[in-house]
Every structure is written in C-alpha cells, then in structure tokens.
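A.B. asks: my questions concern the predicted model and sequence given below.
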Amino acid sequence: MPTTDPFGLLEIVGTIAFAVSGGAVAVRAGMDWLGVIVLAVVTAVGGGTLRDLLLGQVPVSWMVHPWPLAVALVTGVLVILIASRRPHLAMDSLSPVLVADAIGLAAFTVGGTQASLIAGQIGVVAVILGVVTGAGGGVIRDLLASQRPLILVGQIYALAALGGATLLVLLDTWGLPAVGARWAAVAVILAVRLAAIRWDWALPRFTPAKTSQP
Amino acid sequence: MPTTDPFGLLEIVGTIAFAVSGGAVAVRAGMDWLGVIVLAVVTAVGGGTLRDLLLGQVPVSWMVHPWPLAVALVTGVLVILIASRRPHLAMDSLSPVLVADAIGLAAFTVGGTQASLIAGQIGVVAVILGVVTGAGGGVIRDLLASQRPLILVGQIYALAALGGATLLVLLDTWGLPAVGARWAAVAVILAVRLAAIRWDWALPRFTPAKTSQP
Amino acid sequence: MPTTDPFGLLEIVGTIAFAVSGGAVAVRAGMDWLGVIVLAVVTAVGGGTLRDLLLGQVPVSWMVHPWPLAVALVTGVLVILIASRRPHLAMDSLSPVLVADAIGLAAFTVGGTQASLIAGQIGVVAVILGVVTGAGGGVIRDLLASQRPLILVGQIYALAALGGATLLVLLDTWGLPAVGARWAAVAVILAVRLAAIRWDWALPRFTPAKTSQP
C-alpha cells in the first residue's frame, strides 16, 4: 500500500470512496451481492485501467500492485453489510461519501496526470488522461448500472478534474517541483468540487429532446 | 481450430453457445441482421479480448487465431435464419442453449485463468481475469443491447466462474498437474451453473430504489 | 494535420462530422456543456482508439498526433454555441451533417483497414478493424448517451463500411496500388451510405420482444 507519503493516503481514501460510490449505485439499482462487489471494484480501478490501456502500460497497474483490489473488495463487502441492515442509509447520508469521493477525484486525477507526464505525453494528453483516471471509473460504473453517466449531466465534477490537471501541467511546464505542483492541483480540484457540492454548481445543460431514442 | 484435445472441443461448444446468446439478445431487442451478427461475434470473443487487453497480449487472440470469429459468424447467420422462420423459438426453448452456455462459461473461465497464470499473474489477478474471460462477453452484449448486465442481477453465473477459477488457482498452487486442475475447475463451474439453472439459485438482491436515475 | 494529400482532407471532414454527431446527441440527450465536448471528442477519436488498442499500437494515435483532438474540441465548442442560439437546429437540418458523416465513415473505415493491413493483419481481421475504426466512435457515443447503438438498429451504416473494407482487402490481395484501392473503397462506402440516406435503405429488423429486460 502506498502509505509512505501523504499522497498515498489520499489514494487509499479515494479508492475506498470510489468503491463506496460503486457499491451504493449497485444497491440502488437492485443488483445482487456480487454486483455490488463488481461495481465497487470497477469504480475504484476503472479509471486507472483505462489510462494504463491508452498509455500501453500493461499489465495494468492493479495487476502489478493489487492493493486497490483488496481495498475495494473489503469496501464492497462492508457496503453489502451496511446496506442489508440499514437499507435507507445509502441514499440518505451521502455527505461524508461525497467528500471522500472528492478526495478520490483529486488524488486519481493528479496521479494520472503525473503518470502521463512521466510517460512522456504532451500536456493536453496528460490532462485528458488525468481526467480519464479520475472520472473514468464513475463512467464505467454508470454504464454497468444502465444510467446515463452522471459526470455528463450533473454537478461540476469532471470540470474540477480538468482544472486541476491543467494547473498541474502548467506548473510542471514552468519548472515547479512535482510535489508542490501536485498538492496545488489537489487543492484546486478539492476546492472546486466541494464548492460544487455545497452550492450545487452545475454547468449549463441543454433541454433533452422529447424522443432521444429513435 | 483447437480440436486436438477435449478441452478445445469445450471451447468450440462455448463459442457457439455464446454466439447464440448474443444473437438471441439482438433478436429480442429488435436489431437488424448485422446487429445479430455483431452481437454474436462480440459475445463470443469479447471476454477473451478484454483479458488480452488487460494482460497486454496484443494483437488480441482472435486476430492471431481467427477460428472463433468464423464460428461466431456462422452461428450468427444460423440465428438469423432460425429466428426469421420461427420467431418464437429464440424465446421459448432456451434450455439446450443454457447448457451449452454453461459449457462456454466453464471453458472460457478456465482457459482465461490458466492463460493468466502462464503469463505470470498472481492468483487473485488470474481469478479475476478468468471471470472476465468467461463473463465479459455477456456484459458487452448486454451493454450493446441497452439492458442491465444479467450477471449483476440474475441467477448465479459469475459466482460459478469465480468458484471454479479460485479452485484452479488453489490446485495450481498445490502443484497439481494443469490438466487435472483444469478439468476439476470445469466440473465445479458446470455443476454450480447447471444447479443454478435447475433450481433457480440466485444471490440475495437489493430492492431497487424508486428513482435510480436522477 | 494530414493535409498533404486529398485523403487527409477527408479525415479532417470526417473528424468534424463525427464530432458534430457526438455533440448533437449530447445536446438532444440534455447533457451539460462538458458532456457535449466529451461526446464530440469521444465520437471523433473513439473508433481509432479501439483499433489501436486491439492492434497493440499504443500510445494510441491521438496521443502521438493530437490534431483530431483539437479539431473535435473546437467543433464541440461550435456545437454548444449553435445549439444555445438555435435549439431546434440540431434536430431539423441534419442533411449536410449526414453527408459529412458519410465522408467520415468512408475515410475512417478505409484508413483503419489499411492501417491493419500494414500492421500485418489478415484480410478478415483488417475488415473488422476497419469497420471498428469507422463505426466504433458512434457506438461509444450511443452507449454514453444511454441509447441503443444506432448502427445496430437503423439505416444501413456499418454494412456500407463492411462492403468498402472488403473491397479494399480484395484489391490489395490482387496487387492493386494502395492509392487506387483506397479511393475505390471510399467511393463504395460513400455511394452505399448516401443511397441509404436518400432512399432510407435498411436491413431487415426483428420485432422487439415485449420485455427485453427481465
């Protein structure tokens, strides 16, 4: 487990939060126990897996360092236990989970952006792969649960990741030390995302057409 | 074609069964002829493709040994012919197809787990990749047909694969010959899956929330 | 940008058209501004990304030559501007976009097929990867918008790509120069697709079952 530095702690918190979000979506969608475990794991490792595939870094990271698997599995089991005893909890008290999820978004996006820079990618690609790392797991989660990806319709989420990843690339270009740039980007993503939760910030949406399915 | 050993025969039966299941879902979903072919092929080769991508074994296996493509294509054409003449057949007489599908699940899961062990993956990763190989094609099929993946809501399916893959890894760790371990795992998956079909075994499911889509 | 030859021009036109189609689907589905940008980009680069992943050509092409990203981003912004001022435009006047989309289908399919042949793939695999390159972005677009992939239910689309890719492989096998074969295949795809739009050609479809979701 990446506990030797404070950033590693963020990644663990984020892995747990993403697994909770995946498990909670599975519970609400009426899946079975294995479905809850699968969505917990896929949400936690999906974004990094997409990044690794696009970068060609295979076997993908959780196959080399499987700690996120273990963390997500245990979290999924806990979600099952809690949701079985308190069926309404998953829907009512999401605030701490949303804060933890914001931590995960920040840690994963920043980690993904830095990994892409280290792999030699140009700035715009590193930003995109950072956002994919941070938000991709949630997109896979929503596809598996047959719901439109939340990041495309809801509160500001991927935009926070986009802002933080862009800042990170700029600071990197300007020659700032990686550690300082990383924490600045984490702070920006956390601040924007938490503000979006607190004040319900959203980008302008279009009005859906009457019949989107022909 | 992998017909030199009995296990290869299972893989062919499984490829046919998976192609039938993909084609039947396309027919029920009201797709056109090409849609039936596409879903037949994708269901048959999708799980192995995901495994190969995650392992970094590219070009993926059906590009190197294209026999499953040919088998799935021919099967898809047969599904079109049969479904055009007997529109109710695909829905009413699924039992032989379900048994063949169970054979496919067993063969693909065991093959995927062993391929992962041979590629040097640790046990837990080999189990996951085995289940992805066995159940992944069905998940892609359901996503393309806009239906929630059956393996996350229905009868015991992926759990059977999980049990067989775990047994295979354990037997491999204990030093049993690969051939014996393979057939033991196939037997477990088949037994559990056929029992689940026969007695309608399912994992506990959560009650869906009223509004799963915000 | 690949503007040194006329074929490169087709690819640019196709990238713009695919981005428009992605953005328009996002608008109709009621996504926010970022959703429009994401669907524009994913539709434009998705098919080539799938091909690159299956071929093992990583980092994928838009990470090495990022011009399609830039084109799709700018197009997505234009879609937002136009859809905000003229909310009904995206739905009513699709004809020029459909023609441009046909150009994109032709250019992407032919480019993908040739790239696969150059990578040493056999003919049937090159045809499949060509169709994946041409039609894959639209499939990802539809999955993200929670609608059944249009190519599996609607007018003749992937079949046009299939025909052109097959012709290209045959001409290549017969030893024709690559440039001539390429343009012949482009002509076939364009002709079939435009005729399908003009006369509403479609493959036979099956009648959907009452309950496709159990």
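C.D. replies: The structure has been received and is ready for your questions.
A.B. asks: quick one: name the residues of chain A near chain C.
C.D. replies: Proximity of chain A to chain C, by CB under 8 Å from any CB of the partner chain, involves residues A:53-56, A:119, A:121-122, A:124-125, A:128, A:139, A:143, A:146-149, A:151-154, A:158-159, A:162, A:202-209, A:212-214. Glycine gets a C-beta too; all of them are placed from N, C-alpha and C.
A.B. asks: now, of these, which are buried?
C.D. replies: A:53-56, A:119, A:121, A:124-125, A:128, A:139, A:143, A:146-149, A:151-154, A:158-159, A:162, A:203, A:205-206, A:209 (16 or more other CB atoms under 10 Å in any protein chain shown).
A.B. asks: let's see which of those end up in strands.
C.D. replies: Applying DSSP state E to those, no entry is found in strands.
A.B. asks: filter those residues down to the ones close to chain B.
C.D. replies: A:53, A:56, A:143, A:146-148, A:154.
A.B. asks: ok, these vs residue A:181, which is closest?
C.D. replies: Closest approach to residue A:181 among these (CB to CB): residue A:56, at 24.7 Å.
A.B. asks: can I get the ones next to chain B among the buried ones among the residues of chain A next to chain C in CSV including pLDDT and distance to residue B:113?
C.D. replies: Putting these into CSV (pLDDT from 0 to 100; distance: CB to CB, whole Å) gives the following:
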residue, pLDDT, distance to residue B:113
A:53, 96, 21
A:56, 94, 24
A:143, 94, 25
A:146, 88, 29
A:147, 85, 31
A:148, 82, 34
A:154, 73, 38
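A.B. asks: quick check: the gap between residue A:201 and residue A:148.
C.D. replies: According to CB to CB, to the nearest Å, residue A:201 and residue A:148 sit 19 Å apart.
A.B. asks: the bottom helix or strand of chain A by mean pLDDT?
C.D. replies: None of the helices or strands of chain A scores lower by mean pLDDT, DSSP states H and E than helix A:89-92, at a mean of 52.
A.B. asks: for chain A, which residues are neighbours of chain B?
C.D. replies: So chain A meets chain B at A:25-36, A:38-39, A:49, A:53, A:56, A:58-60, A:62-63, A:66, A:69, A:83-84, A:87, A:91, A:143-148, A:150, A:154 (CB under 8 Å from any CB).
A.B. asks: okay, helices next: where are they in chain A?
C.D. replies: A:6-28, A:33-55, A:61-64, A:67-85, A:89-92, A:95-118, A:123-144, A:158-173, A:178-199 (DSSP state H).
A.B. asks: comparing those helices, which yields the minimum mean pLDDT?
C.D. replies: Note on the helices of chain A: lowest mean pLDDT is at helix A:89-92, with a mean of 52.
A.B. asks: hang on, the earlier thing: mind giving me the ChimeraX select for the residues of chain A next to chain B, buried ones only?
C.D. replies: Of the residues of chain A next to chain B, the buried ones go into a single ChimeraX selection, burial set by 16+ other CB under 10 Å:
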select /A:25,26,27,28,29,30,31,32,33,34,35,36,38,39,49,53,56,58,59,60,62,63,66,69,83,143,144,145,146,147,148,150,154
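A.B. asks: in TSV: the helices of chain A, plus distance to residue C:113.
C.D. replies: Output for the helices of chain A, formatted as TSV (distance: least, CB to CB, whole Å):
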stretch	distance to residue C:113
helix A:6-28	38
helix A:33-55	22
helix A:61-64	32
helix A:67-85	38
helix A:89-92	48
helix A:95-118	30
helix A:123-144	26
helix A:158-173	34
helix A:178-199	41
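A.B. asks: nearest to residue B:180, out of these?
C.D. replies: Across those, closest to residue B:180 is helix A:61-64 (CB to CB), at 26.5 Å.
A.B. asks: now that closest one, how far from the centre of its chain.
C.D. replies: With CA atoms, centre = their mean, to the nearest Å as the basis, helix A:61-64 stands 17 Å off its chain's centre.
A.B. asks: so which elements touch it?
C.D. replies: helix A:33-55 (3 or more CB pairs under 8 Å, 6 or more residues apart in numbering or on different chains; DSSP states H and E).
A.B. asks: tell me the contacts of residue A:78?
C.D. replies: Taking CB atoms under 8 Å, 6 or more residues apart in numbering or on different chains, we find residue A:78 in contact with no residue.
A.B. asks: that one and residue B:152, how far apart?
C.D. replies: In terms of CB to CB, residue A:78 sits 19 Å off from residue B:152.
A.B. asks: with residue A:72 instead?
C.D. replies: Separation of residue A:72 from residue B:152 (CB to CB): 16 Å.
A.B. asks: now do residue A:73
C.D. replies: 16 Å.
A.B. asks: same question for residue A:33.
C.D. replies: Where residue B:152 is concerned, residue A:33 sits at a distance of 10 Å (CB to CB).
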